[in-house]
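**Student:** take this sequence and fold it.
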Amino acid sequence: MLNAVNIRPVWQNGLLMNDGRPLTASIYSLQPNGRDTASIFCFDQGKENGVWRKFYSNGQLEETRQYDHGIKTGDYLAWWPDGKQKLFYHFKNGEFDGVYREWTDSGILIKEMNYLEGHENGSQKQFFNDGTVKANYTIIGGRRYGLLGTKNCVNVSATIFRN
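**Tutor:** From the prediction side, this is the model:
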């Protein structure tokens with residue numbers, strides 16, 4: 001495991017290089033206090049690989065994600081500094097796949113979206129911070145049906161071309 005302050009890697013052609021070679025190592029960084037872990041990132045032949053973790057300065061896990069030789073895979077999880085869930089989504093072959101959920105710092109669900117191979121699919125819900133519905137629609141055959149949460153359209157010609 002390498003301390004991030006002891007290496008000077010650079011990105012070249014999509015690979016993380018160290019001393020002219022693709023990096024294969026786990027890299028950690030420390031919080032400003034110099035004692036607590038801030039992050040742990042893993043690379044294999046210059047590509048992101050394995051489980052990555054980031055931590056808040058209070059030691060609470062901030063996020064965890066997974067890579068498979070440079071491709072996002074598995075669950076991405078994130079938390080607020082107090083430990084409440086912030087985000088949850090799933091990757092398959094580098095694309096969103098499955099349920100995506102997002103919460104406010106007070107624990108209110110503000111997004112619940114569904115994806116299939118990187119595209120919205122099925123039920124999609126978004127909420128304002130107070131929990132009221134912002135958007136509630138369904139994707140069927142690539143088309144949206146329902147409350148999209150957009151502003152009402154105004155006919156521009158009716159306002160510009162009045163006599």
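
**Student:** now for the residue most central in space within the chain: which residues touch it?
**Tutor:** Centroid-nearest residue in the chain, with CA atoms, centre = their mean: Tyr76, separated by 6.6 Å. Each residue near Tyr76 by CB atoms under 8 Å, 6 or more residues apart in numbering is listed here: 63-66, 87-91. To be clear about C-beta, it is placed using only N, CA and C from the backbone, and glycine gets the same treatment.

**Student:** sheet partners, orientation included, of the one helix or strand it maps to?
**Tutor:** In this structure, Tyr76 sits in strand 71-79 according to DSSP states H and E. Neighbouring strands of strand 71-79 in its sheet, by DSSP bridges, are strand 61-68 (antiparallel), strand 85-92 (antiparallel).

**Student:** turn the ones you listed into a markdown table, columns for mean pLDDT and mean neighbour count.
**Tutor:** Below are those laid out as a markdown table (pLDDT from 0 to 100; neighbours: other CB atoms under 10 Å):
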| stretch | mean pLDDT | mean neighbour count |
| --- | --- | --- |
| strand 61-68 | 98 | 18 |
| strand 85-92 | 98 | 17 |
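
**Student:** circling back: and the strand holding Tyr76, what's buried?
**Tutor:** 72-73, 76-79 (16 or more other CB atoms under 10 Å).

**Student:** likewise for stretch 5-15?
**Tutor:** Buried residues in stretch 5-15 (16+ other CB under 10 Å): 9, 15.

**Student:** for that stretch, C-alpha coordinates in PDB please.
**Tutor:** Provided in PDB are the C-alpha atoms of stretch 5-15 (Å, rounded to 0.1, in the frame of the first residue of the first chain):
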ATOM      1  CA  VAL A   5       2.200  11.900  -0.700                       C
ATOM      2  CA  ASN A   6       5.100   9.600  -1.700                       C
ATOM      3  CA  ILE A   7       4.200   9.100  -5.300                       C
ATOM      4  CA  ARG A   8       3.600  11.500  -8.300                       C
ATOM      5  CA  PRO A   9       1.300   9.600 -10.600                       C
ATOM      6  CA  VAL A  10       0.000  11.100 -13.800                       C
ATOM      7  CA  TRP A  11      -2.900  10.100 -16.100                       C
ATOM      8  CA  GLN A  12      -1.800   9.100 -19.600                       C
ATOM      9  CA  ASN A  13      -4.200   7.700 -22.200                       C
ATOM     10  CA  GLY A  14      -6.700   6.600 -19.600                       C
ATOM     11  CA  LEU A  15      -4.000   4.900 -17.400                       C
END
